[in-house]
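Visitor: Kindly return the folded structure for what I paste below:
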Amino acid sequence: MAQRHLDPTDPTAAAAPVPADALAAYLRSQATEFLRALRQHQETGAGAAGGPAESVDAARALRRSARRISGSLHTFRPLLDETWAEELRPELAWLSGTLALEHACQSRLDRLLQALNRLSPRTEPPTDTLIDVAAGSRADLAAGSRADLAAGSRAAGAMGVPPAPEPVGGARGRVGAGGTPCSKSLGEAPAPAAPGTTAPPTAAPRTVPHPAPPARSPAPPEARGNLTVGAAKAGALLDRQLTLARTRAHSTALQALGSARFHAVADKVAVLASDVPLAPAAQTADLRPLAAAAEERLTDAVAALPLVTAGHPYNAEALVHGLSPDPAPHPQDAPWHQVRLLLRLHRYACEALRGGEDPGTPVDARLLTAGQALNRHREASEAAAAAAAAARTPRIAPATAYALGVLHADQRHEVEAARFAFQQCWQQRTVTAG
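Guide: Here you go, the predicted model:
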């Protein structure tokens, strides 16, 4: 027989109806969080008291509360004042998206640079090993030269020839027996003897064996060498493009926070913290049917996904049309992004059913795991698009383009892995055979 897993967060599981007061309490708590994050951002954004980390946390809290208010206005709009909700909801979506651009550019750059470091291992031997080998070779050569000079001096003394004086001024100042100048350097032939004289016998040069230098590892394949050489240029290109995009996003966020449009949104949220404009029909309404409708929309969207294909690891589905020259986003990613948004709306609806009591507590571990998988899916998809856009830069070196191509394929594999993780998590919520 079929048995369904019990979900403690199922909106239809509660026996008693959930009144609209729970929605009002939830909206008031989120509005209070919005105002608190805004005050913290204003205090730390100017460099006082806090710092960059505190400012980033404040901006993240602003986005989080704005998303929850906007999502609740979308899900429970029949219970709210229609004019007020339709005016505030798109403004909150604009604010959340504007504040998220800078963080998205920075996280995308960090993700791509980490992937380049992972895909580009070191292929050259350590520098200290080369220094030790070179120093040892020079020491062996110097020791052998001194041994040859000492052997020649002992042989000359045995034949009754006085020892040669110490050299003055280097090799060019050395004088041998009978005033004959010695060779300028080791390995040259001695000068001929003067007429009527007999040249003293010289000892045969002794060859000192030198240890052979250690054999180096074979050269890496040409493809890996190109990736390693091009990875540095690819990283520099990505850093330049994404840093410029992050700087522009930062300027846009600062302008948005100082605009009259943002102040109007902040004023409406301040009013929401104390007074929630409910519709007349909300007095006797139940929140559970609207929350169940949000879950049903999520279920229908997930059913349209190719979960059977995503359930097989390494299915290469995410690499289809990877060589398309179209700079538009990958078409097969759009349904997954839509599921991610619907999953957020479902989570916010579950939080609203509990009212304003501890809204930060996780609703369901499976929902959070599925949301994290879809977040990784979107991050990898956008990172792959950034690598493809960088590869379309005119007049880049072939090694740079090759490294960016490998990086794009790596991120598309991450997309595939995120789909597999979501499929494994979502199957725990389906009906299983008993």
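Visitor: Tell me the pLDDT of the residue lying closest to E379 once chain neighbours are set aside.
Guide: In this structure, E379 finds its nearest non-sequential neighbour in R111, 6.4 Å apart by CB to CB, 6 or more residues apart in numbering. Quick note: C-beta positions are derived from backbone N, CA and C, even for glycine. Looking at R111, its pLDDT is 97.
Visitor: wait, doesn't R111 sit right on A383?
Guide: Yes: if you go by CB atoms under 8 Å, R111 and A383 touch, sitting 5.1 Å apart.
Visitor: wait, what's in contact with the residue nearest to E379?
Guide: Applying CB atoms under 8 Å, 6 or more residues apart in numbering to R111 gives the contacts E379, A380, A383, Q411.
Visitor: Please enumerate the strands of the chain.
Guide: Under the criterion DSSP state E, the chain contains strands at 2-3, 432-433.
Visitor: Could you check the pLDDT of Q42?
Guide: Confidence for Q42, expressed as pLDDT, is 86.
Visitor: That should have said A13, apologies.
Guide: pLDDT, A13: 47.
Visitor: How about G371?
Guide: G371 is assigned 95 on the pLDDT scale.
Visitor: Can you tell me how far the closest residue to it other than its chain neighbours is from P394?
Guide: Spatial nearest neighbour of G371, chain neighbours left out: L343 (5.6 Å); criterion: CB to CB, 6+ apart. For L343, the distance to P394 equals 40 Å [CB to CB, to the nearest Å].
Visitor: remind me which residues of the chain are low pLDDT?
Guide: Residues of the chain meeting the criterion pLDDT under 70: 1-15, 45-51, 122-227, 327-329, 356-363, 429-434.
Visitor: In it, which helix is the longest?
Guide: In the chain, taking DSSP state H as the definition, the longest helix is helix 82-119.
Visitor: Kindly provide the distance from the residue nearest to G371 to V320.
Guide: From L343 to V320 the distance is 24 Å (CB to CB).
Visitor: list the contacts for D57?
Guide: Shown in contact with D57 (CB under 8 Å, 6+ apart): Q40.
Visitor: scratch that, L73 is what I was asking about
Guide: L80, A85, L88, R89, L92.
Visitor: What is the nearest of these to Y26?
Guide: Nearest to Y26 among these, counting by CB to CB, is L80 at 12.1 Å.
Visitor: show me the residues around that closest one that make contact.
Guide: L73, V276, P277, L278, A279, A282.
Visitor: any idea which of those residues is closest to P19?
Guide: Distances from P19 to these, taken by CB to CB, are shortest for A282, at 8.4 Å.
Visitor: From what I see, the closest one and L79 are in contact.
Guide: Yes: if you go by CB under 8 Å, A282 and L79 touch, sitting 4.2 Å apart.
Visitor: I'd like to know how many residues surround H312.
Guide: If you count neighbours by other CB atoms under 10 Å, H312 ends up with 12.
Visitor: got it, and the one 4 residues further on?
Guide: Summarising burial for A316: neighbours were counted as other CB under 10 Å, giving 12.
Visitor: contacting residues around the closest residue in space to it that isn't next to it in sequence?
Guide: Excluding its sequence neighbours, the residue lying closest to A316 (CB to CB, 6+ apart) is E416, at 7.2 Å. Going by CB under 8 Å, 6+ apart, E416 touches A310, Y314, N315, A316, E317, A318, L319.
Visitor: how about A387, what does it touch?
Guide: By CB under 8 Å, 6+ apart, the contact set of A387 is L112, L238, L404, L407, H408, Q411.
Visitor: isn't L298 right up against V339?
Guide: Yes: counting by CB under 8 Å, L298 touches V339, with 7.0 Å between them.
Visitor: what about the helices in the protein?
Guide: With DSSP H as the criterion, the chain has helices spanning 20-45, 52-75, 82-119, 127-158, 222-257, 260-272, 288-303, 307-310, 334-353, 365-391, 398-426.
Visitor: so how far is V18 from L116?
Guide: 50 Å.
Visitor: ditto for A245
Guide: For A245, the distance to V18 - CB to CB - is 43 Å.
Visitor: same thing with R39?
Guide: From R39 to V18 the distance is 31 Å (CB to CB).
Visitor: The two - which one has more neighbours?
Guide: Comparing R39 with V18 by other CB under 10 Å, the one with more neighbours is V18, at 20 against 11.
Visitor: Not counting sequence-adjacent ones, nearest residue to the more buried one?
Guide: V18's closest residue in space is L287 (CB to CB, 6+ apart), at 4.2 Å.
Visitor: What of A418?
Guide: H377 (3.7 Å).
Visitor: My read is that that neighbour contacts F422, right?
Guide: Yes: between H377 and F422 there is a contact under CB under 8 Å: 7.0 Å.
Visitor: Mind listing the shared neighbours of the two?
Guide: With CB under 8 Å, 6+ apart, H377 and F422 have common neighbours W336.
Visitor: which among the contacts of L80 gets closest to G355?
Guide: V276 (12.0 Å).
Visitor: How much space separates the closest residue to the closest one other than its chain neighbours from E86?
Guide: In space, and not counting its chain neighbours, V276 is closest to A24: 4.1 Å by CB to CB, 6+ apart. When distance is defined by CB to CB, A24 is 18 Å away from E86.
Visitor: what does A380 give?
Guide: 34 Å.
Visitor: Which one of those two is surrounded by more residues?
Guide: A380 (25 against 12).
Visitor: Make JSON lines from the helices of the chain and add distance to D326 to it.
Guide: Below are these laid out as JSON lines (distance: least, CB to CB, whole Å):
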{"stretch": "helix 20-45", "distance to D326": "39"}
{"stretch": "helix 52-75", "distance to D326": "30"}
{"stretch": "helix 82-119", "distance to D326": "20"}
{"stretch": "helix 127-158", "distance to D326": "45"}
{"stretch": "helix 222-257", "distance to D326": "19"}
{"stretch": "helix 260-272", "distance to D326": "34"}
{"stretch": "helix 288-303", "distance to D326": "24"}
{"stretch": "helix 307-310", "distance to D326": "22"}
{"stretch": "helix 334-353", "distance to D326": "14"}
{"stretch": "helix 365-391", "distance to D326": "10"}
{"stretch": "helix 398-426", "distance to D326": "14"}
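Visitor: Ok, which of those helices comes nearest P325?
Guide: P325 lies closest to helix 365-391 among the helices of the chain, at 9.8 Å (CB to CB).
Visitor: So which bits of that closest one are buried?
Guide: By neighbour count on 16 or more other CB atoms under 10 Å, the buried set for helix 365-391 is 367, 369-371, 373-374, 376-388, 390-391.
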